[in-house]
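> Fold the following.
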Amino acid sequence: MPQKSADEMLIHSGLWSQIKRFLVFQLKLYADATRDLFLSFFAIFAFLADVIFQLKGEDSLFEGLLGIGRRTERAINLFNQYDETEQGIDSIDGIVRKVEDRLRKSEE
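Below you'll find the model as predicted:
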């Protein structure tokens with residue numbers, strides 16, 4: 001019976017799947033934290049601009065910022081609550097899939 005290489009054992013044991021899931025989650029955590037820092041910073045200025053210029057509804061900069069937050073929430077998909085169609089084109093999950101596909105093609 002031929003012995004399996006360490007790579008084959010890693011892949012077949014399901015360990016690689018767990019490692020990948022953990023690493024993608026860490027990437028999403030960093031993206032989410034970075035996004036939150038930027039949104040917090042810009043939210044102050046958007047709110048002040050809305051108050052000073054009396055912007056409301058569709059013209060509100062703060063409301064626009066909330067919209068950006070909702071879109072990036074789907075793209076980051078930290079807790080995998082959105083499926084592929086809800087995430088948009090440039091989601092983190094989509095980018096990871098593209099990288100995996102290219103790696104698989106380069107191995108062939």
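
> Which helix or strand lies directly C-terminal to the lengthiest helix in the chain?
Counting by DSSP state H, the longest helix found in the chain is helix 15-53. Later in the chain than helix 15-53, the nearest helix or strand by DSSP states H and E is helix 61-76.

> what's the next secondary structure element after that following helix?
helix 84-87.

> now the angle from the longest helix of the chain to helix 61-76?
Calculated by axes from the mean of the first three to the mean of the last three C-alpha atoms, to 10 degrees, helix 15-53 forms an angle of 170 degrees with helix 61-76.

> Give me the pLDDT for Ser17.
With respect to pLDDT, Ser17 scores 89.

> no wait, Ile89
With respect to pLDDT, Ile89 has a value of 74.

> how near is Ile95 to Arg74?
Between Ile95 and Arg74 the computed distance is 14 Å (C-beta to C-beta, to the nearest Å). Backbone N, C-alpha and C define where each C-beta goes, glycine included.

> Let me fix that, I meant to ask about Gly94.
Going from Gly94 to Arg74 by C-beta to C-beta gives 11 Å.

> which neighbours do these two share?
87-88 (C-beta atoms under 8 Å, 6 or more residues apart in numbering).

> measure the nearest residue to Tyr82 once chain neighbours are set aside to Leu48 for me?
Nearest non-adjacent residue to Tyr82, counting by C-beta to C-beta, 6 or more residues apart in numbering: Arg74, 5.2 Å away. In this view, Arg74 and Leu48 are 28 Å apart by C-beta to C-beta.
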